[in-house]
Structure formats: C-alpha cells, structure tokens
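Novice: Would you be able to build a 3D model of this:
(one chain, ligands or ions: 1)
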Amino acid sequence: MFLHASYSPINPTTRAFIEHVPGLYINGQYVLPSSGETFVTFDPSTGKPLGDIPRGTRSDIDDAVQAARAAFDRGPWRWSLSPSERGQILWRFAEQIERHSEVLAQLDSLDNGKPVSVARTSDVPLAVEHLRYFAGWANKVQGATIPVNEPNTLNYTLREPIGVCALIVPWNYPLLMAVWKLAPALAAGNCIILKPAEQTSLSALYLGQLAADAGFPPGVFNVVSGLGEEAGAALTEHSRVDKVGFTGSTEVARRILHASTGNLKRVSLELGGKSPNIVFADADLSQAVPGATWAIFGNNGQSCTAGSRLYVERAVFEEVVDGVVNATRAITVGRGMAIEQAEIGPVVSAEQLDRVLDYVDQGVSAGAQAVAGGRRFDGALSDGYFVEPTIFVGAHDEMAIMREEIFGPVVCAVPFDDPDEVLARANASEYGLAAGLWTTDLRKAHHFAARLQAGTVWINTWGNAEASSPFGGYKQSGHGREMGEEAMALYSEVKSVWVTYG
Ligand code: ADP
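Specialist: Take a look at the predicted model:
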C-alpha cells in the first residue's frame, strides 16, 4: 500500500467558492436560505470542516417549486424554445462544465475525498459526455402513429415532459450522479430541482452559475442544498412536484415512496446492491484478478455496483485470492488532493467510517478472516476517514457482510463448486443491480447473462457504464432505467391523440 499524506494547492476559484458559497440557486439566481442557516461540510481526507453549506428548508423548497412550476407551466422552456434550442442550451451547459472542469474536480475531491486525478479523468469528463449525449436527444423524442381499427380515424402519440422533477442524489459521485438525472430530465423538457447530498453539495451549487451562463431560462434549473429529512422530505411530499428521481439507499427510497403518495408522483429509484462477481476456473486470471480488485475497490467501494461478493471456483480460489491481495497491496491510497496520484481516498464521512468498521467487526465476530486490511489507517493518514481495503475469506452467505450493502472497501471472497450452485447463490439477494462473470467459455457466459437477476451483467469486464446504455436495478435495487433512450421514457409522459376525419 502506498500512502500519500501530502496536499496539493487548491485553485483560487475553488477556494473562493468554498469560502463564500453564494447560496441556493433558485429562479436563475443565488439566494440565501430563508432560515439564514448553514451546515458544515467536512473534508474526509483530513476530518476538518471544509465550508458552510446553505441549509435549504421547506420554504426554500416552496420557492424553488414555485419557480420551476412557473417555468414549466408558462415559460419559454416548454412553450417557445424549439427542441433544437433546448438541445443547444444543454450542449452549452456541457461546455461550461468542461471549461470549469478543474474547479469541479477539486470541489468533488475535497467534498467527497476521491482523488482529484480520478475526478479529473473520470467523473467530470463522464458528466460532460452525458450532457452531450442527452443534448442530442432533445430533438429526437418522438411519438408514433398507431394503426387503429376505427375507419377514418387517426391515432398518434406525443411524448411530453412530466413537469417539475425533484432530483435527489447521493454523495458517491456528486457531479456525475446529478448529471445522470438532470441531463435526460432537461432534454425531455422538464424543469428541475436538484437536491445534492448534504456531504457533497459544493459541485451542485457551483453548477448554478454555469447553468445561467449556458442560457437556461429562470426557474428551469434550480439547486437546493439541505438535509435529507428536511429539504429532501419537503420535495418528496410537495403536491406540486410531479416526479422524483432518486439515487441513494433502499431505506430512504422506502420513505420517498411513502412521501410521494399524496399526489401519486412518478418515482424512479436507483438504489443499493450487493453485486456478485463470479470467477470461473477457465477465466483468464490475468484479467479477472485486477478486474475483481477494482470491481470492489474502485471509488473505495462506494459504488452501488461494487462487486462485493466475489465467488471463485474452488480450483482457482487460492490463486485468485492471493492475486487480489497482492493487487490490493499495490493500491495507492491518498488524500483527495494528494500531490502524487492516488487511486483511492478516504470514505466520505465519519458516519460512513463507523459503519464500514462496524461491518468489519461483525465479519470478524461471525468468524470470517480478513486476509488484507480490516482497520482504519493509522500513521500519516490517521486524521482522515481512511479504511484499509479489506478482503474477507471464510464468510458464509448468511453473514451480514455477505448480505448487506457495506458501501465501503470490503469484499468477501468465497469458493464455489458448480455453476448451478453459484447461480443460485448469486441470485439469492434482495438486490439486483449488477453482476459479473469471468470465463473463456462463451456458452457459460451467455447462459449466465440470461439468468443472473441484475440490471447490468458484465462479462470479462466490470464497471462499464455509458450514457447510451440503460442502467438500473432488478428487485430492491430500483425502479426504472436511467441512461440511454430508456431515460427519456423515464422523464416523459405518453399522450394518445385521436382524430376523426370521416
Ligand atoms: P446514502 O446512504 O448514500 O447517504 P441516502 O439514501 O441516505 O444515501 O441519501 C441519498 C440522498 O437522499 C441525499 O441527497 C439525502 O439528503 C437524501 N435523503 C435522505 N433522507 C431523505 C428523505 N427522508 N427524503 C428525501 N430525501 C432524503
């Protein structure tokens, strides 16, 4: 394990924004929260306070909903801008993000702890790409003409925006998760209120000024930071919000579904996972070993698709576990803003640190053995929320560490003996977000691809996601599919129009 405790200089624009966060972004301008209150955001790399975030409450949510409602019901976004013009604004927004990419990468790195090099080369460019992809959809949402039985009758469909969409996002990829939702929502013609996670609100708030520069009419694009149970709950309960797009925990998703019943909002959910990653003895282990390592430790295990259950065919079990342990020892861990390139940073918060370490303790108490990691980092990184990447062996399928989403750098490697057995074990989960397998046998690959209960299956790879390809979960991993054409359906209504001309 290589450690970097150093800290590189923060860009002056980034620093200035953090020191004076201009407010919530409502109706085309920054405004102070009505309560005048803020809450502290921490730098997980050092455990120190980073800045003060405006605490939006119910009355700010009311203001944002009113602005979005007016923009949707009467404004130019819906009624006078052409689909191409809306697409151009989205494209300009992508350009603004690209222009400000260093600031955005630093904000996400400081707020979330992820290495700034990762934010620069992955999160920010993927967000830009996502916006460009959906900018292209703005003038391609089309209905159909339907062959109907009635004579002299035309039936056609229109695909229309839903209305005011509340987009509630988590902290693991702050900018990217926001863009995953707002890009298709805006491309479909909706007006949005973005509610970032309280741990990582900075990049979302920074987007306000970029949205203004891109040319969104007032009220189309709003950002309200605040606490989940306060600002988030107010959005999900609001009778004039038409849709909630949520990414986060399954537990909060249940609350959101309950809160949405008042006006029967549309709700789409992208939730947790406990994704199985299956290595067959016939796999190319030179790919499978690094693949299994990064399936879990990428983004420090803080991905809903993390490959946290590693099933390895018994004949190669030791070889694969040794390989993953060695690959893990070679990982560079550092502060988000490490001068040297780090591959993973701290976990996001003190709460998350406790949660992950508690799961590790539960695993040990239940009889599993940590063959790598298992502790908080001491020494140079002891001030931040750093957890050693942890590999358990000897876990059973019933243990909490094998069933529950840890959302941290913890994997359980367990052996299996035959394909039917591992398929049943892989599918025996309340989750169904992603699954992976490593094999050189094409028949086995397709057999499993058809039978794994997961919204995404990766074969001899892990973690691929592109704007054009649908993403979402089976079972308790979600409702609906984001990305690709599917996301346009998620953010639109279909209207059937009948005309007689006889
Ligand atoms: P995580 O477990 O990854 O922190 P959460 O599900 O707790 O994820 O949070 C994801 C998002 O949901 C955050 O923006 C958070 O503020 C928001 N949130 C939390 N509780 C609620 C709630 N009761 N209603 C609406 N949003 C909420």
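Novice: Please name the nearest non-neighbouring residue to Pro49.
Specialist: Take Pro49 and drop its neighbours on the chain: the residue closest to it by CB to CB, 6 or more residues apart in numbering is Val40, 4.8 Å away. For every residue, glycine as well, the C-beta is placed using N, CA and C.
Novice: isn't the one you found right up against Ile53?
Specialist: Yes: because the distance of 7.5 Å satisfies CB atoms under 8 Å, Val40 is recorded as touching Ile53.
Novice: The two: which has the busier surroundings?
Specialist: Ile53 (26 against 11; other CB atoms under 10 Å).
Novice: The helix or strand hosting that one packs against which elements?
Specialist: In this assignment (DSSP states H and E), Ile53 forms part of strand 48-54. Counting by 3 or more CB pairs under 8 Å, 6 or more residues apart in numbering; DSSP states H and E, the packing neighbours recorded for strand 48-54 are helix 12-19, strand 38-43, helix 202-214.
Novice: Downstream of that strand, the next helix or strand is which one?
Specialist: helix 58-74.
Novice: next one: that following helix to chain centre, how far?
Specialist: 25 Å (CA atoms, centre = their mean, to the nearest Å).
Novice: what is the mean pLDDT for it?
Specialist: Along helix 58-74, the predicted local confidence has a mean pLDDT of 98.
Novice: Can I get it in CSV, CA atoms only?
Specialist: Taking C-alpha atoms only, helix 58-74 is exported to CSV below (Å, rounded to 0.1, in the frame of the first residue of the first chain):
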residue,chain,number,x,y,z
ARG,A,58,-39.4,23.8,3.4
SER,A,59,-39.9,27.4,2.5
ASP,A,60,-36.9,27.4,0.1
ILE,A,61,-38.3,24.2,-1.4
ASP,A,62,-41.6,26.0,-1.9
ASP,A,63,-39.8,28.9,-3.6
ALA,A,64,-37.9,26.5,-5.9
VAL,A,65,-41.1,24.5,-6.7
GLN,A,66,-42.9,27.8,-7.5
ALA,A,67,-40.2,28.9,-9.8
ALA,A,68,-39.9,25.6,-11.6
ARG,A,69,-43.7,25.4,-11.8
ALA,A,70,-44.0,28.8,-13.4
ALA,A,71,-41.1,28.0,-15.8
PHE,A,72,-42.8,24.7,-16.8
ASP,A,73,-46.4,25.9,-17.0
ARG,A,74,-45.9,29.2,-18.7
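Novice: contacting residues around the residue nearest to Pro49?
Specialist: Residues counted as contacts of Val40 (CB atoms under 8 Å, 6 or more residues apart in numbering) are Pro49, Leu50, Gly51, Asp52, Ile53.
Novice: Tell me how far the residue nearest to the spatial centre of the chain lies from Ala197.
Specialist: For the chain, the residue nearest the mean C-alpha position is Met177 (4.1 Å; CA atoms, centre = their mean). Counting by CB to CB, to the nearest Å, the gap between Met177 and Ala197 amounts to 9 Å.
Novice: How about the residue in the stretch 251-400 of the chain that the ligand sits nearest to, nearest residue that isn't a chain neighbour?
Specialist: The nearest approach of the stretch 251-400 of the chain to the ligand comes at Val252, 3.4 Å away (CB to the nearest ligand atom). Taking CB to CB, 6+ apart, and ignoring the residues beside it in sequence, Val252 has Gly228 as its nearest neighbour in space, at 6.6 Å.
Novice: My guess is that neighbour contacts Glu251. True?
Specialist: No: taking CB under 8 Å as the definition, Gly228 is not a contact partner of Glu251, at 10.9 Å.
Novice: between these two, which one's more packed in?
Specialist: Gly228 (19 against 9).
Novice: thinking again about what came up before, from Val348, how far off is the residue nearest to Val252?
Specialist: With the distance defined as CB to CB, Gly228 ends up 14 Å from Val348.
Novice: ok, now Cys412?
Specialist: Distance from Cys412 to Val348, by CB to CB: 22 Å.
Novice: likewise Asp43?
Specialist: Taking CB to CB as the measure, Asp43 and Val348 are separated by 11 Å.
Novice: residues touching Leu154, list them.
Specialist: Contacts were defined as CB under 8 Å, 6+ apart; by that measure Leu154 touches Thr145, Val148, Trp498, Val499, Thr500, Tyr501.
Novice: Closest one of these to Arg240?
Specialist: Distances from Arg240 to the contacts of Leu154, taken as CB to CB, are shortest for Trp498 (29.4 Å).
Novice: For the regular element (helix or strand) spanning the closest one, name the packing helices and strands.
Specialist: Using DSSP H and E, Trp498 sits in strand 492-500. In terms of contact count using 3+ CB pairs under 8 Å, 6+ apart, strand 492-500 is assigned the packing partners strand 153-161.
Novice: Right, I'll call it a day here.
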